[in-house]
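> fold the stuff below for me.
(chains A and B)
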Amino acid sequence: MRIIASILVISGLCALSASILTHHEIAVAACAVALAVLWGAAIALRWTRAVHTACLVLTAVLCALSTFISVPLLTILLCLSATLHGWDLMLIDLQTAAHPRDMKFNLARKYSVRCLMLAGLGIAVTLGARAVHVRLSFFSAFAASCLCLILFSKIQHRARLMMSEGSPAKKERTAKPPA
Amino acid sequence: MTRYRFSIGFALALAFVICGLAFRNAQLALLSIPPLFYSAALLISAATLPVPNIVARRLVDRSRVSEDEIIEVALAMASHSKSYPMILAHDKLPSGMTCVPGANYYQGPIRAGQLQQLIRYDLEGARGVYQFSTIEALVCSPLGLAVTETAIAAPIELHVRPRYESLRSIHIRPRRTHSFAGPIRSHLPGSGIDFHGCRTFMQGDDVRRINWRAYARTDELVVCDYEQDRITDVNLILDARARAHAFIGQQHTLEFAAQATAAIAASFCSQGNNVGLLTYGDVLDWVFPGVGQSQLDRILDALAHASLADKIAFEDLYQIPTRLFAPNSQLVLVSCNLDQDDIETLALLKNRGYSVLFISINTLALEQAELPVGNETEMAVRIAHLRRKLYLGSLARYGLQVVDWDPNTSLGEAFERYGWRRGRAMP
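This next block holds a predicted model:
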């Protein structure tokens, strides 16, 4: 799992840094390389979940910065998707740290295929969405932001209820009807 | 964990959307789509993940084995509610147990219904009692993204007893014996094998026991008496005090002490004696004296439990609860190092009428193997050897029976070396 995660994350970040370098933004490219090194250390030394999440957030920030220096969207998407799924793999690896190696290898193999499919789908949809041109005024953008926030809180609340183990909602869903 | 992953993915997507709208940057807003996809897939995956309701059972061929034996374990699992497309179950082994080639984990589906055997593996372990509690399992959703962890209870207990060699009959002469026939000479005249004495013929004596040579010499009828053979009480004492044992590399001498105790217990039990065991060190672990194979099983179980301890209450052998032992019975102490106070305690026990046999574990050869070869080492070994000789000599002077056992050789050889055969005098 760690090998797959490190390959995903580091190759994504290297591709991004190479792309940034073509735009002569050496400082940002150096940041990308430093981030790749940080990721490598976090994965190799099995740092905590919080460190991995911090690395993911930093990578997302770097991806956001890259959009302002006209780096191709495909490269940024590739880097973001690879990092996201690398981070996910590392979280699963940390969760299954005590399990045997063979078992984790098989899990990683199946999981990676699904992640790749998901990432490919995500990138394809994003590239498709780029073709749609929508123009927003400031107030429309503000309203859309607020709507997103409200939607986020609603979805988050429902999802937490659904995912929490042994929660009343899940118990209700799975409980057998009384005889 | 799934909730955390979902939250981070979703928050990332939202952050991209809001930043995209704030900066009116379409590319930035579009970056939210991959995390959004990821979060949606995770949400659907979690929604389809059933609540784990799995039962498991470990099936072992034997729950009590010797150190060099292998235990076959079979893991059977079933689901009470619905089938699971993918589960990863790992049967974690307690420390001290190892899985000899074979996998102690399972990956694959689990069907609803009756228990089905999923994996088989072999275990071996060092002496001890091992508690197996739960099987850790990861239940994966059909999409494979959401994973939930669960612990399935399947408790069992395995006793790994010390291995022991079978000894020939050990010759002891305690002052008191029981009234049942056995192998121990009882100091009383009667029917037996060993000669006890002669006396004048009395009415009712068996004519076959008349000593005709004595009659020819003295012109009086004299009959021969033989010593009665009876069973006796044997109390084994396993010294489990940390200070009484040597640590050599990764191992300590308690293992050898446990093996010697097991061998002696098996020998005395096979002779039909009343054998008890006191493990002296941590707590007073006392196996009440009894006879037969079931008693040997109880003793071996107690030996499997024995571990080193360092308790002030059991610092000296003086605290040995002699009220547990029958008066004038045989005591067998198995230990490695005794200090002067302990030797005096043994002498005191001897004076109280107990027959004391001390099995001393000689670790000189083992310790020498750990040291670098050289003149200094040779000199140190010679000094240690002389000190040990003096120490064993002082024990013998108190009238204790001592067997010096080097674990590199067999215990039977050590007994033979000291002439522990029927009819021969003790050194």
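
> the helix or strand containing B:I156 close to chain A?
Secondary-structure assignment from DSSP states H and E places B:I156 in strand B:147-161. Yes. Contact of strand B:147-161 with chain A is found when judged by Cβ under 8 Å from any Cβ of the partner chain, involving B:V147, B:T148, B:E149. C-beta here means a position set from N, CA and C on the backbone, and glycine is covered the same way.

> need the contact list for the first one.
By Cβ atoms under 8 Å, 6 or more residues apart in numbering or on different chains, the contact set of B:V147 is A:I92, A:Q95, B:M1, B:T2, B:L138, B:V139, B:C140, B:S141.

> phi, psi of the last one?
B:S141 adopts backbone torsions of phi -80, psi 160, taken as degrees, to the nearest 10.

> could you list the low-pLDDT ranges of the chain?
Here I'm looking at chain A. Counting by pLDDT under 70, chain A contains low-confidence residues at A:132-138, A:160-179.

> my bad, the chain I had in mind was chain B
Along chain B, the model assigns pLDDT under 70 to residues B:143-144, B:179, B:186, B:419-427.

> enumerate the positions of the strand holding B:I156 that are buried.
Within strand B:147-161, the residues that count as buried by 16 or more other Cβ atoms under 10 Å in any protein chain shown are B:V147, B:T148, B:T150, B:I152, B:A154, B:L158, B:H159, B:V160, B:R161.

> again, but for stretch B:274-287
Applying a neighbour-count criterion of 16+ other Cβ under 10 Å, the buried positions in stretch B:274-287 are B:N274, B:V275, B:G276, B:L277, B:L278, B:T279, B:Y280, B:G281, B:D282, B:D285, B:V287.

> same check on stretch A:97-113?
Of the residues in stretch A:97-113, those buried under the neighbour-count criterion (16+ other Cβ under 10 Å) are A:H99, A:M103, A:K104, A:L107, A:A108, A:Y111, A:S112.

> show me where chain A has helices.
Listed in chain order, the helices found in chain A under DSSP state H are A:2-21, A:26-44, A:49-68, A:73-95, A:101-130, A:138-163, A:168-174.

> mind checking how far the residue nearest the centre of chain A is from chain B?
Centre of chain A computed as the mean C-alpha position; nearest residue by Cα atoms, centre = their mean is A:L84, 2.2 Å away. Taking Cβ to the nearest Cβ, to the nearest Å as the measure, A:L84 falls 6 Å from chain B.

> A:L8 now?
According to Cβ to the nearest Cβ, A:L8 and chain B sit 13 Å apart.

> dump the residue contacts of the closest residue to chain B within chain A.
Nearest residue of chain A to chain B: A:G122, at 3.7 Å (Cβ to the nearest Cβ). Taking Cβ under 8 Å, 6+ apart as the contact definition, A:G122 lies against A:L77, A:S81, B:I33, B:P34, B:L36, B:F37, B:Y38.

> what comes up buried for the host helix or strand of the fourth one?
Which is B:P34. Assigned by DSSP H and E, B:P34 falls within helix B:33-47. Along helix B:33-47, these residues count as buried under the neighbour rule (16+ other Cβ under 10 Å): B:33-43, B:45-46.

> now it against helix A:101-130, angle please.
Calculated by axes from the mean of the first three to the mean of the last three Cα atoms, to 10 degrees, helix B:33-47 forms an angle of 130 degrees with helix A:101-130.

> who touches helix B:33-47?
Contacting residues not belonging to helix B:33-47 are listed as A:77, A:80-81, A:84-85, A:88, A:118-119, A:121-123, A:125-126, A:129, A:159, A:162-163, B:2, B:5-6, B:9-10, B:12-13, B:16, B:141-146 [Cβ under 8 Å, 6+ apart].

> if we go to 7 Å?
Helix B:33-47 has contacts (Cβ atoms under 7 Å, 6 or more residues apart in numbering or on different chains) with A:77, A:80-81, A:84, A:118-119, A:121-123, A:125-126, A:129, A:159, A:162-163, B:2, B:5-6, B:9-10, B:12-13, B:141, B:143, B:145-146.

> for the stretch 201-350 of chain B, which residue gets nearest to chain A?
Nearest to chain A, among the residues of the stretch 201-350 of chain B, is B:Q250, at 23.8 Å (Cβ to the nearest Cβ).

> residue contacts, that residue?
Under the criterion of Cβ under 7 Å, 6+ apart, the contact list for B:Q250 is empty.

> can you redo the buried residues of stretch B:274-287 as TSV, where the extra columns are distance to chain A and secondary structure?
What follows is these, written out as TSV (distance: Cβ to the nearest Cβ, whole Å; DSSP: H, G, I helix; E, B strand; the rest coil):
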residue	distance to chain A	secondary structure
B:N274	48	strand
B:V275	43	strand
B:G276	43	strand
B:L277	38	strand
B:L278	40	strand
B:T279	34	strand
B:Y280	38	strand
B:G281	33	coil
B:D282	30	coil
B:D285	33	strand
B:V287	37	strand
